[in-house]
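> Pasting the sequence and the predicted model now:
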Amino acid sequence: MKPVVIILAVLILVGAAGAYYLYGVARGAKIVLIMNRLTQASADLKKRGSFTNDIPQFCDISAFTEHYTVRGSDYQCALSAKSPLFRGRGFMAITTNDVLLWIDRERGATPMSGPGSVGL
């Protein structure tokens, strides 16, 4: 009887770890989708003078005109994306020259693309 209990406990732990991993993969995919839509909204804004938020279930894309200086580089923002996926830690912004920034509520701006970026 004891080996059966141990096997069941191991299976439950493996199942929980697998579910947690899949949650992380799905969350990461949604964040990449937000990045892509923010980039597309910026391109639409430049081309047509307006943009559409096609993924309101994941984020709220809106005009955002703040200016940031990071390690000597100046960034003028055009749009931002705020999402519950970011867990209140910050939000994404895209600049007028198409650099994605992460705006951390405590640490400020960090480039996610372009020169001097930290990557994903």
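Looks like it came in fine.
> How about the spatially most central residue of the chain, nearest residue that isn't a chain neighbour?
Taking C-alpha atoms, centre = their mean, the centroid of the chain lies closest to residue 31, which sits 4.0 Å from it. Nearest residue to residue 31, sequence neighbours excluded (C-beta to C-beta, 6 or more residues apart in numbering): residue 85, at 6.1 Å. All C-beta atoms are positioned from the backbone trio N, CA, C, and that covers glycine.
> follow-up on the earlier one: what secondary structure does the residue nearest to the centre of the chain sit in?
Following DSSP: H, G, I helix; E, B strand; the rest coil, the label given to residue 31 is helix.
> Check the gap between it and residue 72 for me.
28 Å (C-beta to C-beta, to the nearest Å).
> same deal with residue 101?
For residue 101, the distance to residue 72 - C-beta to C-beta - is 15 Å.
> So which of the two has more stuff around it?
Using other C-beta atoms under 10 Å as the criterion, residue 101 and residue 72 rank with residue 101 on top: 26 against 6.
> what does the strand or helix carrying the more buried one contact?
Using DSSP states H and E, residue 101 falls within strand 100-104. For strand 100-104, the surrounding residues in contact (C-beta atoms under 8 Å, 6 or more residues apart in numbering) are 35, 38-39, 68, 70, 75, 77, 80, 89-95, 109-114, 117.
> Mind jotting down where the helices sit in the protein?
2-48 (DSSP state H).
> So, low pLDDT: which residues of it?
1-26, 114-120 (pLDDT under 70).
> same thing but at 50, please
Confidence mapping of the chain against pLDDT under 50 gives the ranges 21-22, 120.
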